[in-house]
Each structure stands twice: as C-alpha cells, then as structure tokens.
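Colleague: Got a sequence here, can you model it:
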Amino acid sequence: MRVGDGSLLPRARRAGGAHRLAPRAGACGLVAVLAVGLSGCAIKGADNANLVVGKQAFVAKCGACHTLARANTKGIVGPNLDAVFKTSIAEGEQRNAVRTVVEGQVQNPNPEGVMPQHLASGATLADIAAYVAQSADAPGPDTGLLASAVEPVGAGKPAVEKAGKLELDANPTGQLAYTTSKAEATPGAVTITMSNMSGVMHNIAVEEGENGATQKAAPIGASSFISKGTTSITVKLKPGKYTFFCQAPGHRAAGMYGTLTVK
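Modeller: Modelled structure (predicted):
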C-alpha cells in the first residue's frame, strides 16, 4: 500500500458544514482528491475487523513501502503513515476517517503512481485499514496479541556456514530485514545464498567491517535482485567482521543488514 507523497499531509477541512479529510495527489498512488465526510461515515465489516490479521497483512503488503512505528515498518517508497495522519488526528479527526481514507486509497490507486491495483480487498483490506487507523501516530508499542502478531525483525538464530555455504534469507513477510541479523563463517571462499519469498525486490551484498546501517566500503560481492526465488554470491573471506545488506534504495537504512563474523 503506497499512499500519497510524504510531504503532503492530510488536513482537516470544512466543506458545506461537514468535516472532510482530503489528502492531495502524490507520486505513490494517492487518488487525485479523496474527501471523506465524517458525519455518519462507516465501513462495511467495521465491527468485525481483525487487528491481528490487519497488522500481519499490513507488514506483508505495505511495510516495505511505509513507515508505521507500531508495526515496526520503515519503508520509504511511500510516506510515513504516522506523519501523514498526525495533523488531522491532532485536530480532532476521528480514526474512523483514517480508516475510510486508507480503504479508498487502496481501492482507487493513482494509475500514474507505483501502488499496484488489487493490493488488498474485502475483509483483508478492512483489517489493514482498521489496524492503520488504530496505530497511526499512536503513542507506545502494540500490546497483547498485537505485540506478538509479527516476528521481530532479524530475530532468527544466527546463520552458520557449513562446508563453504551460508544461507541468509530475506524476511518472507515483507519486512525490510533478513531472517537473522547475525551470521558466522570460517575463512575462505563462501557461497552466500538468499531465498526471497516476500515479493519485494531484494539482493544481498557484503562489505568489510561492522558498519551497521551506513555503507562505509565498496562491496566485495553482491547478488542479483529478485522478488521471488533464490540468488547467491561467492566471496573470499578473511578473519574479521563483515556487513551483509540489501542494496535496494532505503532497505539498508530501514534495517535490512546484519553482521557476519569470520573466524
């Protein structure tokens, strides 16, 4: 889900005596004008929304493009959703209006934008919209079942090289992360394989040094980009620390990196 331009925030407006929430058009799929009357607004299935499913679907379908703090997503292709709705919520707009806007934008993506048609529909879309409406610019983390609805980024066990082969997979849910943030290998030639089932375009590259989110050296190797399937690289490693990361714009900064220890 890609909504508007991050610099264009929804504003509370009055038209004919009724409040309206009207984000303007942007490059990432926002319809030209989506004005939603708040008086008596409702969404079909609203009372049956499943927020756990909504969070999981948001992370899988939208998190690679959008930042939403409670979902722990840090995508930068589309705008930061906490910032997008911050002003309107602060000015007293009901969260039901946020929900309606999200549904409308997904159902009517800008044909000149990058959001695909039919990203979500029916109950899934209602669940996503309900979760975004509850979470946008909301203080604190998710609690209860929502807190554990999505596995924390990079929480898997460290990957260990065996017989010159090391597997470092992209997170299958669509989060901008690998399944682990730590790996171990022995010196010598190592073939690193990345499986990617997320549908989001990723690759895997390696550079010398434990550099975190900021590139500080030229990669010693980088794989091809894939959205589905498997890709690999073979690198010659000396003892020390290395950083593995995705080279897709914004992915490393959003947390798609880890440390490879060679000893």
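Colleague: rest of the way, CA atoms for contacts and neighbours
Modeller: OK.
Colleague: Number of residues surrounding the residue lying closest to residue 67 once chain neighbours are set aside?
Modeller: The shortest distance from residue 67 to any residue that is not its chain neighbour, by CA to CA, 6 or more residues apart in numbering, is 4.1 Å, and that residue is residue 74. Using other CA atoms under 10 Å, residue 74 has 23 neighbouring residues.
Colleague: Residue 74 reaches residue 59, doesn't it?
Modeller: No - the pair residue 74 / residue 59 is not scored as a contact, 10.0 Å apart, by CA atoms under 8 Å.
Colleague: how close does the residue nearest to residue 67 get to residue 223?
Modeller: Here the criterion is CA to CA, to the nearest Å. By it, residue 74 lies 23 Å from residue 223.
Colleague: Next: residue 196.
Modeller: With distances defined as CA to CA, the gap from residue 196 to residue 223 amounts to 12 Å.
Colleague: and these two? which has more neighbours close in?
Modeller: In this view residue 196 and residue 223 are compared by other CA under 10 Å, and residue 196 has more residues nearby, 25 against 20.
Colleague: Just the pLDDT for the more buried one.
Modeller: At residue 196, the pLDDT value in this model is 96.
Colleague: give me the beta-bridge partners of it?
Modeller: residue 229 (DSSP bridges).
Colleague: List the residues that contact it.
Modeller: If a contact means CA atoms under 8 Å, 6 or more residues apart in numbering, then residue 196 has 169, 170, 171, 172, 202, 226, 227, 228, 229, 230 as its contacts.
Colleague: Tell me the buried residues within the residues you listed.
Modeller: Among the contacts of residue 196, the ones that count as buried by 16 or more other CA atoms under 10 Å are 169, 170, 171, 172, 202, 226, 230.
Colleague: Closest to residue 99 out of these?
Modeller: In terms of CA to CA, no member of the buried ones among the contacts of residue 196 lies closer to residue 99 than residue 172, at 26.3 Å.
Colleague: and the closest one, which of the three is it?
Modeller: Following DSSP: H, G, I helix; E, B strand; the rest coil, the label given to residue 172 is coil.
Colleague: my read: it touches residue 200, true?
Modeller: No - taking contacts as CA under 8 Å, residue 172 lies outside contact range of residue 200: 9.1 Å.
Colleague: Pull the number of nearby residues for residue 147.
Modeller: One way to gauge burial is a neighbour count; for residue 147, by other CA under 10 Å, it gives 15.
Colleague: Equivalent analysis for the one 5 residues further on, please.
Modeller: In terms of burial, residue 152 registers 15 neighbours under the definition other CA under 10 Å.
Colleague: gap between it and residue 104?
Modeller: For residue 152, the distance to residue 104 - CA to CA - is 30 Å.
Colleague: got a list of what residue 149 touches?
Modeller: By CA under 8 Å, 6+ apart, the residues touching residue 149 are 52, 53, 55, 56.
Colleague: Export these to JSON lines and append columns for secondary structure.
Modeller: Output for those, formatted as JSON lines (three-state DSSP):
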{"residue": "52", "secondary structure": "helix"}
{"residue": "53", "secondary structure": "helix"}
{"residue": "55", "secondary structure": "helix"}
{"residue": "56", "secondary structure": "helix"}
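Colleague: can you pick the most crowded of those?
Modeller: Neighbour counts for the contacts of residue 149 peak at residue 55, which has 26 neighbours (criterion: other CA under 10 Å).
Colleague: From residue 165, how far off is that residue?
Modeller: The span separating residue 55 from residue 165 equals 35 Å under the rule CA to CA.
Colleague: that older thread, with distance to residue 187 and pLDDT added, can I get the buried ones among the contacts of residue 196 in JSON lines?
Modeller: Converted to JSON lines, the buried ones among the contacts of residue 196 look like this (distance: CA to CA, whole Å; pLDDT from 0 to 100):
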{"residue": "169", "distance to residue 187": "21", "pLDDT": "96"}
{"residue": "170", "distance to residue 187": "24", "pLDDT": "95"}
{"residue": "171", "distance to residue 187": "26", "pLDDT": "91"}
{"residue": "172", "distance to residue 187": "29", "pLDDT": "88"}
{"residue": "202", "distance to residue 187": "26", "pLDDT": "96"}
{"residue": "226", "distance to residue 187": "28", "pLDDT": "97"}
{"residue": "230", "distance to residue 187": "24", "pLDDT": "98"}
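Colleague: Lovely, talk soon.
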